[in-house]
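Chemist: Sequence isn't available, so here's the structure alone:
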């Protein structure tokens, strides 16, 4: 266990700090609620096939030569159209007789995928460009900042809508559109962090012993920007989900019949007054997940920002 | 630096941003689509002769940078192309729908700003009391709510279960719009002295403007609370209290004025969110504004209208932020003196 001991000794202050943060985090009820909501999302998304009673693709609508062909599957019952919530269908059924609970469960996978991919790629682009801009400064920095200014000068939902409309309707295009909209936020965040860390003594020290630029960026600057980045990422996961759902609702996202929360609300809208459950449950799912990310992000900010810790 | 100098400098900075915005919208409309000519001609169902005509009109066979100059030239002459759905120039459609969106946005702000500031102050003063917890929960739920879902839930409750508010639209069915002076129904009906129309217009504004303003309300609430708390810990507040000023004076004269500065910024930035939210809100409440127009354009493959809407909204947003910046400089001398 020598390696472990060494590791513990070497990082003693870090670990102590993390322990203290975890302690603060646990003390906050709202942060814990956020954490639990997100854990539930992850579990539901991972184990969807075991939790849902139906697979969402069991109904597929396709148009062939002008007539609508509906593929029937064994556990879809068209007599069970728009049934209210019951023991058999917790959240009721939709206009094809599908179980809304199962749709919401499978929808978590779609949402989770969208959030993770959009935020991950935006973060990588932002780290790359923001890191370069902040580290090298000068003209590169000036140009990049003006470019991000311009991106941020267009309301994000509208820019994403325009890009998605230009690309054509699909979930993948929604994701691409959102990456285009989201990376500038990260570029600016990382640049600011790099600027504030760049002149500190430990970076100076690393440079003086001959560390290469990428090494300084990756080993010294980025790790020290981790906390604010993590907070931003957590909060953005929620914002991305809201935007994606909004775009889906307009009709830019998944093709009809897909288990996607925004789309479900959109298709349930015409049935709202005689089947309230159709729009209510997918919306609640969005609300709870976004709430979870926001509470978690706020909680992380509170424990990692020394200014707020007092 | 004097205030006017600041304004002039800020105006000059506007030029590169606007050019940048046009480059983005140009890229989105001319470079991103797999087949721009087909997109402009109405998407999948476009006729070959229309595609050919549009290719010629928009010079889509020329190099990209030449296309950009034609694009800029069109923009300068307020030519956004023709709306495929409405068979008229996009600028005409946008001009017709703009007042409805403006009215809705103004009322959303009128709900969000005062409630947000008052709620934020109460929350900060009564920190960790019940009213603080309630406002904080409202705030955090407010910016986690999908706005379109909130709209539908409100419709279900207040227009269907307890029908006390109108389901959709700007005026009661059968009622004529007031004589158009500004295009804002509330203002027009006041100007023309038509009280029945005024009442109906206000009545129809309640649900949509609350829906649209709720996220902004949450944001302002949060910002005011946190900046109030920060300011309340400052030395000059302690000094104020120590010299025996009443709590009222300390809070409203000393703390609030300084706490409101970040609130102004947030309000300006949230304007973009309002314009985006308008697309969803207007669609659900069948509100005849630019947002509903844009949403139906997206569905109807009316590419010119989508792009025209995007650029117009971007310009409105840029100008709104300019106004906020100027306000900011007026309120906080540190900004224009270049210190803070």
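Modeler: Happy to help now that I have it. Worth saying up front: this structure is predicted, and the values here are computed from it rather than measured. Residues are numbered from 1 along each chain as shown, chains lettered A, B, ... in the order given.
Chemist: mind listing the helices in the stretch 1-150 of chain A by residue range?
Modeler: A:2-10, A:12-27, A:29-46, A:48-51, A:100-136, A:138-152 (DSSP state H, counting those that start in this stretch).
Chemist: Just say which of these is most tucked in.
Modeler: helix A:100-136 (a mean of 22; mean count of other Cβ atoms under 10 Å in any protein chain shown). (Glycine included, C-beta is placed from N, CA and C.)
Chemist: distance of residue B:117 from residue B:252?
Modeler: 11 Å (Cβ to Cβ, to the nearest Å).
Chemist: Could you do residue A:176 as well?
Modeler: For residue A:176 relative to residue B:252 (Cβ to Cβ), the value is 49 Å.
Chemist: again with residue A:162
Modeler: For residue A:162, the distance to residue B:252 - Cβ to Cβ - is 44 Å.
Chemist: Not counting its own residues, what contacts the strand or helix carrying residue B:149?
Modeler: According to DSSP states H and E, residue B:149 maps onto helix B:147-154. Contacts to helix B:147-154, defined as Cβ atoms under 8 Å, 6 or more residues apart in numbering or on different chains, come from residues A:245-246, A:249, A:262, A:265, A:269, A:272, A:279-280, A:283, A:286-287, B:207-208, B:210-212, B:214-215, B:277, B:280-281, B:283-285.
Chemist: Surely residue B:224 touches residue B:113?
Modeler: No: look at residue B:224 against residue B:113 with Cβ atoms under 8 Å: they stay out of range, at 9.8 Å.
Chemist: How about the contacts made by residue A:85?
Modeler: By Cβ under 8 Å, 6+ apart, the neighbours of residue A:85 are A:91-92, A:277.
Chemist: could you pull out the strands for chain B?
Modeler: B:82-83, B:88-89 (DSSP state E).
Chemist: any weak-confidence spans in the chain?
Modeler: Since you didn't name a chain, this refers to chain A. A:1, A:56-78, A:306-310 (pLDDT under 70).
Chemist: Chain B, not that one
Modeler: In chain B (pLDDT under 70), the answer is B:1, B:335-340.
Chemist: For residue A:222, see how far away residue B:231 is.
Modeler: Where residue A:222 is concerned, residue B:231 sits at a distance of 34 Å (Cβ to Cβ).
Chemist: Compare those two (neighbour count), which wins?
Modeler: residue B:231 (21 against 17; other Cβ atoms under 10 Å in any protein chain shown).
Chemist: How much space separates that one from residue B:264?
Modeler: Applying Cβ to Cβ, the value for residue B:231 to residue B:264 is 14 Å.
Chemist: What is the neighbour count of residue B:249?
Modeler: With other Cβ under 10 Å as criterion, residue B:249 counts 13.
Chemist: residues contacting the closest residue to it other than its chain neighbours?
Modeler: Counting by Cβ to Cβ, 6 or more residues apart in numbering or on different chains, residue B:249 lies nearest to residue B:240, which is 7.2 Å off, once chain neighbours are set aside. Applying Cβ under 8 Å, 6+ apart, we find residue B:240 in contact with B:249-250, B:254.
Chemist: Among these, which one lies nearest to residue A:297?
Modeler: residue B:254 (31.8 Å; Cβ to Cβ).
Chemist: out of the helices of the stretch 1-150 of chain A, nearest to residue B:24?
Modeler: helix A:138-152 (6.1 Å).
Chemist: Distance from the closest one to the middle of the chain?
Modeler: Chain-centre distance of helix A:138-152: 25 Å, with Cα atoms, centre = their mean, to the nearest Å.
Chemist: Next: stretch A:13-32.
Modeler: On Cα atoms, centre = their mean, the centre of stretch A:13-32 falls 23 Å from that of its chain.
Chemist: cool, stretch A:253-264 as well?
Modeler: Worked out by Cα atoms, centre = their mean, stretch A:253-264 lies 17 Å from the chain centre.
Chemist: With stretch B:18-36 instead?
Modeler: Per Cα atoms, centre = their mean, the centroid offset for stretch B:18-36 relative to its chain is 22 Å.
Chemist: can you tell me the residue of the stretch 51-200 of chain B closest to chain A?
Modeler: residue B:149 (3.4 Å; Cβ to the nearest Cβ).
Chemist: near chain A, which residues of the stretch 1-150 of chain B show up?
Modeler: B:16-17, B:20-21, B:23-25, B:28-29, B:32-34, B:39, B:140-141, B:143-149 (Cβ under 8 Å from any Cβ of the partner chain).
Chemist: Alright, I will stop here.
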